[in-house]
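Sharing a model prediction with you, sequence too.
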Amino acid sequence: MSQRAPSRTSFTESINSPDWPHRNDALRKLVACCDEGDLQVLHRLLGQTSQSGYDLVSALPFEVSHHLLLYLDGMDLIRCQAVCKSWRGIIQNNDALWRAKVRDWDPAECTLLKDAMDYRLLFPRASYQHLPTMHESLNEYPPLAELDSLLNRIESRPGFIGWKEAVVQELVLKQNWKWGRYVHQLTTSLTMDVKPVLLAWPWLILVDNWPRVHKISLDGYRGVRYQEFPQENGRYYQVMEVPRGHGSVSCIAWDSTALTVSRASLLAETNDSEERQLLPLALGSYLRMCDPETGTFETLPTVLHGFALHLCYLRDKIISVSLDGHVVFFPKTPPFLPIRSSSVNTKVLQVVAVDFGSRTFERREGDLMQTWQGAVCLAHEDGVIIKDEQSNMLCQVLLDLGVKLIHIQAIADNTWPYRNELLILYEEPNTRQRLVLCVQMGPGYREEISRRLLAPSFSLGRGGDARDSIAMCRDRIGIVSHRNCSSDLGHYCVLRLLDLKQDMAVSTEYIRTESVEEDEAVSDGSNNDDGIHGYSEDEVDDGGGGGRKLKRGRVHIRGRAIRLDYSTVNKAAYRILALDHARIVLGVGPRTVKILYLV
Amino acid sequence: MTVILVSSDNQDFKVDKEVAERSILIKNMLEDVGESDSPIPLPNVTAAVLTKVIEYCEHHRNDPVQVPEETDDPRKRSNDIEEWDMKFMQVDHEIILAANYLDIKPLLDVGCKTVANIIKGKTPEEIRKAFNIVNDFTPEEEAQIKKENEWAEDR
């Protein structure tokens, strides 16, 4: 048994002494004689007095407080860091804690995982035998081993910002979407009108009327150093001139599955290998293949049925749709001889390709066995036609009479949570309200299961102005509507960002008021006084002053509200060109493109 | 079969072996000691806390023993506390410490979840009030933290 308290009389005397040093001494001696049990008792007694701030979390052994903190979500952890020094110490440098938070997220929504582009690579072996129903997927959790290996891979990359930063960035992104704020903006003005635009992180592809193809690296320009970037050929910006063709470029396509097909093995070793991608574009009724690396173009030997309106990739094929509804399937590789052609006999408004990864679906049609791993959705005014890779009709989604389809978006997750939905933005004939219909598709888009209206509590505004533009990305919709005012405000634009999952809408707009001076009005929307930057690039290290100074993390300053500035010079109108989970691409007038980064 | 547990303040508690074995620590001790009838000392647990712990174990004596599976459901949810447990659990940190020492995982989980529920959704000031914590940041540090967390403020 360890020695208990020192001899009573001397202790009592010392502790009752009016002299502070004596009392201090007695206390020190007491504590020195205490074993763990005694210290626990002391702790309890201290906790019961109201003056001293003895708190639970600091008193717990590390693994227990870690266990406790795992139950809190990201925002709670951020707030807990501000409580007191010991809490801050426990939370801030606890990498495992922050990593566990990242693990908790839905991989389909997490920016870190999406931008890492490994997301597609990570789950290539999703079992195709087991197709979970809608109900199942809600309770399942993504395969942990695979998620862990992805996180390990991200962690081992050079320049990894740390798990805490990753969580904070994700939370910043969520907050910015919620409040309509951006942290960084990039503007580029071209000399000619811009028509097709493709946003495929990390590239932004613009085609102007020359025609020239501009390939811009959004990641390369993310730092605060760049606000407008030089249009020279370089690592971040490539310009290619399309050899003289007939008319202007109507559409261009991007192969987002190129990585999985050819580079899966290589990417494990190399970190930034540039993928070689050919960009097909349509000039009138001719197709050209553009190679951004070499800047060369190859004209395809075939002629399409008239003017090509849409182009997209589907697994190993390219699909083109012409003005009069002819759908032609080409292979991805030379000599690009068309495989199949059929007609839908209606004007196709939009084409969306859906890739089911390694899942294969089959169906018996009489004597034939149909199999498919991807589908293409062709939207026309009255509904959507869905075909498989062999151009067979899979199913049709028809809208009610009079309803006008505006835009579609397909969500097909090949991994947990296995969502398989078609979102249709349409306009109602009587009220002229714009609403979103969500159609649940059966496995492989074989059948519709049910339809439901998303977010009926708000609509996207009455009636469409012909100048309105819409972009969709998973559950987010961005729409720039033009409003006319009867007063002398003229017309103004409103950018609305809608989040269907959270039933939330953010509107940002700009109204010109009397107080705005003429010389303040900015031309072409370029804003050079971007005083508030996203985050400080330099990590400020603490001087190591023995724990007195706080270790500084990056400072994420609240971003600027997204406002559309009205230009008085050439009455430029805004339109939204593209959208993804962390960036918005706006067009200001015909020649300027503004990219807003939300993280 | 009963065992005798002795708290740090020398109070004896007679409990069924089955109940006592909810604590992995006690279970291991009993295995080491074998058939002997000697009381088991628990110098880190006071009588008051031990009473509560025994009460918990009695109530849950028939629960299946949870095999520690880390990969089971790493998504930590704190909204699935049993009603009895909620009433039982006052925020007594001692119980959590005792549960950790005695290695009774379910009780530890319940304790942690309860505390987590208290912390959730509160601002730092409210958390300080709830746990009686003194704010030991200097004004400069406070300002720096505020700046760091500016983005988190809702408007």
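Happy to help now that I have it.

for the chain, what's the longest helix?
The chain I'm using is chain A. As assigned by DSSP state H, the longest helix anywhere in chain A is helix A:163-179.

wrong chain, I was asking about chain B
Scanning chain B for the helix with the most residues, using DSSP H, yields helix B:105-119.

and it, how far from the chain's centre?
6 Å (CA atoms, centre = their mean, to the nearest Å).

same for that helix, what does it pack against?
helix A:62-69, helix B:47-59, helix B:93-102, helix B:124-131 (3 or more CB pairs under 8 Å, 6 or more residues apart in numbering or on different chains; DSSP states H and E). All C-beta spots, glycine's among them, are computed from the backbone N, C-alpha and C.

can you rerun that using 10 Å?
helix A:56-59, helix A:62-69, helix A:74-80, helix B:47-59, helix B:83-88, helix B:93-102, helix B:124-131 (3 or more CB pairs under 10 Å, 6 or more residues apart in numbering or on different chains; DSSP states H and E).

Mind giving me the packing neighbours of the fourth one?
Under the contact definition 3+ CB pairs under 10 Å, 6+ apart, helix B:47-59 sits against helix A:36-48, strand B:2-6, strand B:12-16, helix B:17-20, helix B:83-88, helix B:93-102, helix B:105-119.

Let me know which of those is tucked in deepest.
helix B:93-102 (a mean of 23; mean count of other CB atoms under 10 Å in any protein chain shown).

by contact count, what packs against it?
Packing partners of helix B:93-102 (3+ CB pairs under 10 Å, 6+ apart): helix A:36-48, helix A:56-59, helix A:62-69, helix B:24-33, helix B:47-59, helix B:105-119.

Where does pLDDT dip in the stretch 451-599 of chain A?
A:455-466, A:483-492, A:502-505, A:507-557, A:565-572 (pLDDT under 70).

Test of understanding: give the bridge partners of A:Ser469.
A:Val480 (DSSP bridges).

count of neighbours near it?
21 (other CB atoms under 10 Å in any protein chain shown).

just A:Arg452 next, same as before
Count around A:Arg452 with other CB under 10 Å applied: 11.

so which helix or strand takes in it?
strand A:448-454 (DSSP states H and E).

how about the CA coordinates for that strand, as CSV?
This file holds the C-alpha atoms of strand A:448-454, laid out as CSV (Å, rounded to 0.1, in the frame of the first residue of the first chain):
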residue,chain,number,x,y,z
GLU,A,448,-39.1,3.8,-64.6
ILE,A,449,-40.0,3.0,-61.1
SER,A,450,-41.7,6.0,-59.9
ARG,A,451,-41.8,9.7,-60.4
ARG,A,452,-41.7,12.3,-57.8
LEU,A,453,-41.6,16.0,-57.9
LEU,A,454,-38.5,17.5,-56.3
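
on that earlier part again, tell me, which of the helices and strands packed on helix B:105-119 is the model least confident about?
Of all the helices and strands packed on helix B:105-119, mean pLDDT reaches its minimum on helix B:83-88 (a mean of 63).

Return the list of strands paired to the strand holding A:Arg452, each annotated with direction.
When DSSP bridges is applied, strand A:448-454 pairs with strand A:434-441 (antiparallel).

Show me which parts of the strand it pairs with are buried, residue by residue.
By neighbour count on 16 or more other CB atoms under 10 Å in any protein chain shown, the buried set for strand A:434-441 is A:Arg434, A:Leu435, A:Val436, A:Leu437, A:Cys438, A:Val439, A:Met441.

any idea which of those residues is the one closest to B:Asp16?
Closest approach between these and B:Asp16, by CB to CB: A:Cys438, at 56.4 Å.

ok now do the closest one, which residues does it touch?
Contacts for A:Cys438 (CB atoms under 10 Å, 6 or more residues apart in numbering or on different chains) come out as A:409, A:411, A:421-424, A:450-455, A:475, A:500.

rerun that using 6 Å as the cut-off
A:Glu421, A:Leu423, A:Arg452, A:Leu454 (CB atoms under 6 Å, 6 or more residues apart in numbering or on different chains).

same question, A:Asn209
A:Met192, A:Asp193, A:Ser248.

If any of those residues are buried, give me the PyMOL selection for them.
Burial among the contacts of A:Asn209 is assessed by 16+ other CB under 10 Å; the matching PyMOL selection reads:
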select buried, chain A and resi 248
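
Filtering the contacts of A:Asn209 by proximity to chain B, which remain?
With the criterion set as CB under 6 Å from any CB of the partner chain, no member of the contacts of A:Asn209 is near chain B.

Need the contact partners of stretch A:91-99.
Residues from elsewhere that reach stretch A:91-99 (CB under 6 Å, 6+ apart): A:Leu69, A:Leu77, A:Cys80, A:Gln81, A:Trp163, A:Lys164, A:Val167.

can you pull the contacts of the spatially most central residue of chain B?
Note on chain B: the residue nearest the mean C-alpha position is B:Ile96, at 2.3 Å, using CA atoms, centre = their mean. Contact analysis of B:Ile96 by CB under 6 Å, 6+ apart lists B:Gly111.

Go again with 10 Å.
B:Ile96 neighbours (CB under 10 Å, 6+ apart): A:56, A:59-60, A:64-65, A:67-68, B:49, B:89, B:107-108, B:110-112, B:114-115.

just curious, which of these is nearest to A:Ser342?
A:His67 (59.9 Å).

pretty sure the closest one is touching B:Cys112, no?
Yes: look at A:His67 against B:Cys112 with CB atoms under 10 Å: they come within range, at 5.5 Å.

Buried only: go through the contacts of A:Cys438 for me.
Members of these classed as buried by 16+ other CB under 10 Å are A:Glu421, A:Leu423, A:Leu454.

The residue nearest to B:Arg61 when sequence neighbours are not counted: what's it in contact with?
Closest residue to B:Arg61 apart from its sequence neighbours, by CB to CB, 6 or more residues apart in numbering or on different chains: B:Val19 at 5.1 Å. Contacts for B:Val19 (CB under 10 Å, 6+ apart) come out as B:Thr2, B:Val3, B:Ile26, B:Ile54, B:Glu55, B:Tyr56, B:Cys57, B:Glu58, B:His59, B:His60, B:Arg61.

let's see 8 Å
Applying CB atoms under 8 Å, 6 or more residues apart in numbering or on different chains to B:Val19 gives the contacts B:Ile54, B:Cys57, B:Glu58, B:Arg61.

now B:Ser38
B:Ile4.

Ok, the one 5 residues further on next?
B:Pro43 makes contact with A:Asp35, A:Glu36, A:Gly37, B:Ser8, according to CB under 8 Å, 6+ apart.

Go through those residues and say which is closest to B:Gln144.
A:Glu36 (36.9 Å).

What helix or strand is the closest residue in space to the closest one that isn't next to it in sequence located in?
Leaving aside its sequence neighbours, A:Glu36 sits nearest to B:Asn44 (CB to CB, 6+ apart; 6.0 Å). Using DSSP H and E, B:Asn44 sits in no helix or strand.

How many residues are close by B:Asn44?
A count of nearby residues for B:Asn44, using other CB under 10 Å, gives 19.

With the one 5 residues further on instead?
Neighbouring residues of B:Val49 were enumerated by other CB under 10 Å; the total is 25.

From what I see, it and B:Asn100 are in contact.
No: in this structure, B:Val49 is not within contact of B:Asn100 by CB atoms under 8 Å, at 11.8 Å.

Can you give me the end-to-end span of stretch A:360-377?
End-to-end distance for stretch A:360-377, by CA to CA, to the nearest Å: 17 Å.

Please point out which parts of that stretch sit buried.
By 16+ other CB under 10 Å, the buried positions in stretch A:360-377 come out as A:Phe361, A:Gln370, A:Trp372, A:Gln373, A:Gly374, A:Ala375, A:Val376, A:Cys377.

On the pLDDT front, check residue 118 for me.
Picking chain A for this. 46.

The intended chain is chain B.
82.

okay, the helix or strand containing A:Arg99 in PDB with CA atoms only?
Per DSSP H and E: A:Arg99 is located in helix A:95-104. Output in PDB follows, covering the C-alpha atoms of helix A:95-104 (Å, rounded to 0.1, in the frame of the first residue of the first chain):
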ATOM      1  CA  ASP A  95      -5.100  13.600 -37.600                       C
ATOM      2  CA  ALA A  96      -6.900  10.300 -37.100                       C
ATOM      3  CA  LEU A  97     -10.000  12.100 -35.800                       C
ATOM      4  CA  TRP A  98     -10.200  14.300 -38.900                       C
ATOM      5  CA  ARG A  99      -9.500  11.400 -41.200                       C
ATOM      6  CA  ALA A 100     -12.400   9.500 -39.600                       C
ATOM      7  CA  LYS A 101     -14.700  12.500 -40.500                       C
ATOM      8  CA  VAL A 102     -13.700  12.200 -44.100                       C
ATOM      9  CA  ARG A 103     -14.400   8.600 -44.000                       C
ATOM     10  CA  ASP A 104     -17.900   9.300 -42.900                       C
END
